[in-house]
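Novice: fold the following, please.
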Amino acid sequence: MNRPRHVPVALRRAIFAPLAASTLILAGCNQQQIASAQGKPAGTAAQVETVRPERTTIWRTSDQPGRVEAFEETPLFAKISGFVQHVNADIGDRVKEGQVLAELSAPEMVQELKHKEALVHQANADVAQAEAAVAAATAAVAVAAAKVTEAEATTKRSEAEYTRAKAELARIKQLASENAIQHRVVDEAESQLGAADAARGEAAAKIESAKAGHKEAEAKLAKAQADVVAATARVAVAEANRGVAEAMLQYAKITAPFDGVVTERNVHTRHFIASAGAREPLFVVVRSDLVRVFVDVPEKDATLVSVGNRAIVRVQSAGGKPVEGAVTRSAWALDRTSRTLCTEIDLPNADGQLRPGMYANAAIVVDERAAVMSLPASAILRQADKTVCCCVQNGKVMRKAITVGLTDGTLVEVVAGLDGTEEVVKANAGSLTEGQSVQTKPAAK
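Specialist: The predicted structure follows:
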């Protein structure tokens with residue numbers, strides 16, 4: 001068995017002393033190299049970017065995808081059956097309200113309208129005839145009234161004759177009783193009294209006859225007036241029927257319901273159009289000067305969305321330029337399947353850049369805080385159950401507890417804990433420790 005040789009202490013010192021010195025030299029070189037690689041001398045303080053709290057306006061938004069739809073879209077069907085006579089529009093055409101897009105041929109309706117117009121003329125003639133009858137009946141009433149007056153005058157004359165004859169008979173009888181005249185004269189006076197009495201009765205009968213004739217004339221006048229009312233009603237009926245015929249004939253013209261663009265055309269000249277059971281419209285017209293952006297807001301933001309909320313809409317296929325609008329209306333109730341709130345934003349579209357069917361992104365402002373103190377979100381830390389930020393005082397890091405409020409993802413509202421004069425580390429504050437020495441420089445804006 002070989003035993004290790006004994007090395008004298010002096011020899012060991014001579015061997016290991018140079019090695020230890022070399023190790024220390026190498027270690028020093030490594031520290032210098034590391035410091036040089038970090039761009040600072042060994043032992044210098046860390047450099048941080050700082051910001052000061054600023055007063056600004058913070059918005060909380062609900063960013064959701066959406067879709068652009070026409071404000072109004074109307075499919076046009078035919079009300080009547082007929083052959084297509086003219087087609088005046090095609091897809092992509094810009095049309096004005098009331099512009100004729102197509103015309104149907106309906107000759108039977110033209111004849112029906114002429115028939116209704118003839119009935120109106122006939123009814124007007126009946127009115128004129130009835131009014132003439134009223135005039136005649138009015139004259140007859142006047143004649144009958146005059147006859148009554150005449151009969152009454154005759155009666156007065158007859159009564160006067162009867163009274164005179166009666167008095168004459170009494171006088172003659174007195175003379176006859178005194179034998180002053182012959183009895184033959186008494187007989188003549190009695191005959192005259194009888195004739196006067198008969199004339200009186202005849203006059204009374206004429207009065208009754210005249211009154212009956214007057215009543216008859218008045219009845220005829222009432223009937224003539226009723227005939228005028230009936231004839232006028234027949235005119236109204238005839239005019240209404242003519243109006244129906246005119247309205248039905250108007251359906252032979254397919255017109256644009258508003259200013260817009262034709263997006264569908266499913267008709268050609270000489271096609272037969274059946275009014276009943278049509279499956280597809282002749283045309284589809286959409287309004288182009290105004291569009292709706294439909295956004296489905298999730299349940300968590302639904303109660304925060306109301307009419308009038310600001311909204312920023314971007315449509316990538318239209319250049320992505322932000323267009324500011326406002327929530328115009330919402331369904332109020334959530335969709336039972338998706339649990340989202342259907343919300344609409346109306347946007348002007350005078351240049352026609354926004355087209356139905358495009359995808360959009362809408363940022364709806366659901367909360368807004370004006371002139372509040374704020375910090376970048378990167379400067380905020382969560383420490384246990386507290387929210388803190390790192391402030392720099394006299395070159396040392398000091399963590400301050402703060403109370404935060406609204407955030408837009410970039411900025412955070414600071415409700416309490418800062419007075420606005422602090423220098424706050426903008427980023428990477430989690431790597432710093434309490435009391436650590438740092439060098440500061442303003443953060444780039």
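Novice: what's the domain layout of the chain?
Specialist: Taking automatic domain parsing as the reference, the chain has its domains at 46-58+371-442, 62-71+287-368, 78-104+252-283, 108-250.
Novice: now the helices for the stretch 151-300 of the chain?
Specialist: Remark: helices assigned in the stretch 151-300 of the chain by DSSP state H, counting those that start in this stretch are 183-250, 299-302.
Novice: with distance to residue 396 added, can I get these in TSV?
Specialist: Yep, even glycine has a C-beta here, placed from its N, CA and C like the rest. Shown next, in TSV, are these (distance: least, Cβ to Cβ, whole Å):
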stretch	distance to residue 396
helix 183-250	88
helix 299-302	42
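Novice: need those helices in CSV (columns: distance to residue 272 and mean neighbour count).
Specialist: Shown next, in CSV, are the helices of the stretch 151-300 of the chain (distance: least, Cβ to Cβ, whole Å; neighbours: other Cβ atoms under 10 Å):
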stretch, distance to residue 272, mean neighbour count
helix 183-250, 18, 15
helix 299-302, 51, 15
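Novice: hey, least reliable of those by pLDDT?
Specialist: Of all these, mean pLDDT reaches its minimum on helix 183-250 (a mean of 84).
Novice: mind giving me the packing neighbours of that helix?
Specialist: helix 107-177 (3 or more Cβ pairs under 8 Å, 6 or more residues apart in numbering; DSSP states H and E).
Novice: returning to that earlier point: can you tell me which of the domains of the chain the model trusts least?
Specialist: Across the domains of the chain, the lowest-scoring stretch is domain 108-250, with a mean of 83.
Novice: endpoint to endpoint, it covers what distance?
Specialist: One end of domain 108-250 sits 13 Å from the other (Cα to Cα, to the nearest Å).
Novice: just the strands from the stretch 251-400 of the chain, written as ranges.
Specialist: 253-255, 260-265, 272-273, 283-286, 290-298, 310-314, 323-334, 340-348, 359-376, 381-383, 386-393, 396-407 (DSSP state E, counting those that start in this stretch).
Novice: show me the strands in the stretch 1-150 of the chain, by range?
Specialist: 46-51, 54-70, 73-76, 82-87, 94-95, 100-105.
Novice: could these be laid out in TSV, adding mean neighbour count and distance to residue 200?
Specialist: Formatted as TSV, the strands of the stretch 1-150 of the chain follow (neighbours: other Cβ atoms under 10 Å; distance: least, Cβ to Cβ, whole Å):
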stretch	mean neighbour count	distance to residue 200
strand 46-51	17	131
strand 54-70	17	96
strand 73-76	16	87
strand 82-87	16	82
strand 94-95	16	91
strand 100-105	20	83
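Novice: so what's the residue count around the nearest residue to residue 204 once chain neighbours are set aside?
Specialist: Ranked by Cβ to Cβ, 6 or more residues apart in numbering and with sequence neighbours excluded, the top spatial neighbour of residue 204 is residue 155, at 5.9 Å. Residue 155 is flanked by 19 other residues according to other Cβ atoms under 10 Å.
Novice: residue 155 and residue 200 touch, don't they?
Specialist: Yes - shown here, residue 155 and residue 200 form a contact pair, counting by Cβ atoms under 8 Å, at 7.1 Å.
Novice: residues near the closest residue to residue 267 other than its chain neighbours, how many?
Specialist: Closest residue to residue 267 in three dimensions, ignoring its sequence neighbours and counting by Cβ to Cβ, 6+ apart: residue 282, at 4.5 Å. Other residues within reach of residue 282, judged by other Cβ under 10 Å, total 22.
Novice: what's near enough to touch residue 282?
Specialist: 76-78, 101-102, 254, 265-267, 273 (Cβ atoms under 8 Å, 6 or more residues apart in numbering).
Novice: so it versus residue 75, what's the distance?
Specialist: 8 Å (Cβ to Cβ, to the nearest Å).
Novice: and what of residue 306?
Specialist: In terms of Cβ to Cβ, residue 306 sits 33 Å off from residue 75.
Novice: cool, residue 238 as well?
Specialist: 35 Å.
Novice: what of residue 316?
Specialist: 29 Å.
Novice: state the distance from the residue nearest to residue 204 to residue 250.
Specialist: As for residue 155, its distance to residue 250 is 69 Å (criterion: Cβ to Cβ).
Novice: now residue 193
Specialist: 85 Å.
Novice: with residue 277 instead?
Specialist: 22 Å.
Novice: the residue nearest to residue 204: what's it in contact with?
Specialist: Residue 155 touches 200, 203-204, 206-207, counting by Cβ under 8 Å, 6+ apart.
Novice: can you lay out those as TSV showing distance to residue 338?
Specialist: Output for these, formatted as TSV (distance: Cβ to Cβ, whole Å):
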residue	distance to residue 338
200	106
203	102
204	100
206	98
207	96
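Novice: so which of those residues is the closest to residue 431?
Specialist: residue 207 (131.7 Å; Cβ to Cβ).
Novice: CA atoms of stretch 272-284 as CSV?
Specialist: C-alpha atoms of stretch 272-284 as CSV (Å, rounded to 0.1, in the frame of the first residue of the first chain):
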residue,chain,number,x,y,z
PHE,A,272,-96.2,37.4,-65.4
ILE,A,273,-96.5,38.5,-61.8
ALA,A,274,-99.0,36.7,-59.6
SER,A,275,-100.1,38.8,-56.6
ALA,A,276,-100.9,35.8,-54.5
GLY,A,277,-98.2,33.4,-53.2
ALA,A,278,-95.2,35.3,-54.4
ARG,A,279,-92.0,33.9,-52.8
GLU,A,280,-89.5,36.5,-53.6
PRO,A,281,-89.8,40.3,-54.0
LEU,A,282,-89.5,42.1,-57.3
PHE,A,283,-87.0,44.5,-55.8
VAL,A,284,-85.3,45.1,-52.5
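Novice: buried ones in that stretch, by neighbour count?
Specialist: For stretch 272-284, a neighbour-count test (16 or more other Cβ atoms under 10 Å) marks 273, 281-284 as buried.
Novice: okay, those residues in a markdown table with distance to residue 117 next?
Specialist: Output for the buried residues of stretch 272-284, formatted as a markdown table (distance: Cβ to Cβ, whole Å):
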| residue | distance to residue 117 |
| --- | --- |
| 273 | 26 |
| 281 | 32 |
| 282 | 29 |
| 283 | 31 |
| 284 | 36 |
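Novice: out of the residues you listed, the closest to residue 330 would be?
Specialist: residue 284 (26.6 Å).
Novice: residues in contact with the closest one?
Specialist: Neighbours of residue 284 in contact, by Cβ under 8 Å, 6+ apart: 73-76, 262-264.
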